[in-house]
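# I'll drop the sequence and a predicted model, then ask my questions.
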Amino acid sequence: MEAEFRAFVAAQGDQLRRTAYLLCRDWYAADDLVSITLTKLFRHWRRVSAADNPAAYARGVLTNAWLDERRRPWHREDPFDVLPDQADARVHVDASGVEDRQDLMDLLQRLPAGRRAVVVLRYYCDLSVEQTADLLGITTGTVKSQAAKGLTALRAVKEEA
């Protein structure tokens, strides 16, 4: 069981960290979220490993951990101004015309937490409407409306710049 969990972490750890960063925009907070997520996953690994898609389950746990953390009274968002050095500093998002990773981070930062979670899960993690709804515990209609509102807001902010 432990070896299987270690293999899962080796395969999915970086993806979870990048997803966490897109949500919170702070590498230290992202590492904390991944730690919280992996702790929860390990405690229930038998159930997680039996799931149809353990990676999607992990993203759901991660997203819910981030949303829970944002509800805490001491939470305040204090993102770093500079991204750490990375091998690939470019990302291409055709839907909104954003080419620069920092621009994308700045745009995502302007979205409310729930809407940002929907946009990240739908368009970064490439989950379906149904998968996103299941992970966040919301209806498919809410996912569709939040995704549409999120993309509209991102486009509007991008056009202002």
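Perfect, I can see it now.
# gap between stretch 141-157 and the chain center?
Averaged C-alpha coordinates place stretch 141-157 at 16 Å from its chain's average position (CA atoms, centre = their mean, to the nearest Å).
# average pLDDT for it, rounded please.
Average pLDDT, stretch 141-157: 88.
# and the pLDDT for the residue nearest to Leu62 when sequence neighbours are not counted?
Spatial nearest neighbour of Leu62, chain neighbours left out: Thr37 (4.4 Å); criterion: CB to CB, 6 or more residues apart in numbering. For every residue, glycine as well, the C-beta is placed using N, CA and C. Predicted confidence (pLDDT) at Thr37: the value is 95.
# just the element for Thr37, please.
Assigned by DSSP states H and E, Thr37 falls within helix 27-43.
# buried residues, the helix or strand just after that helix. List them.
As assigned by DSSP H and E, the chain's next helix or strand after helix 27-43 is helix 45-49. Using 16 or more other CB atoms under 10 Å as the burial criterion, the residues of helix 45-49 that qualify are Trp45, Val48.
# swap in stretch 104-119?
Of the residues in stretch 104-119, those buried under the neighbour-count criterion (16+ other CB under 10 Å) are 104-108, 111, 113-119.
# that older thread, the residue nearest to Leu62 reaches Asp68, doesn't it?
No: assessed by CB atoms under 8 Å, Thr37 is found out of contact with Asp68, at 11.1 Å.
# who's more crowded, the two?
Residue environment comparison for Thr37 versus Asp68 gives the larger neighbour count to Thr37, 25 against 12, counting by other CB atoms under 10 Å.
# ok so, going back, ok, now how distant is the residue nearest to Leu62 from Ala147?
Here the criterion is CB to CB, to the nearest Å. By it, Thr37 lies 23 Å from Ala147.
# how about Tyr57?
Computed with CB to CB, the distance linking Tyr57 and Ala147 is 21 Å.
# could you do Tyr124 as well?
Relative to Ala147, and taking CB to CB, Tyr124 is found at 12 Å.
# wait, what's in contact with the residue nearest the centre of the chain?
Nearest to the centroid of the C-alpha atoms of the chain, with distances taken as CA atoms, centre = their mean, sits Thr19, at 3.8 Å. With contacts defined as CB atoms under 8 Å, 6 or more residues apart in numbering, the neighbours of Thr19 are Arg59, Leu62, Thr63, Val120, Tyr124, Cys125.
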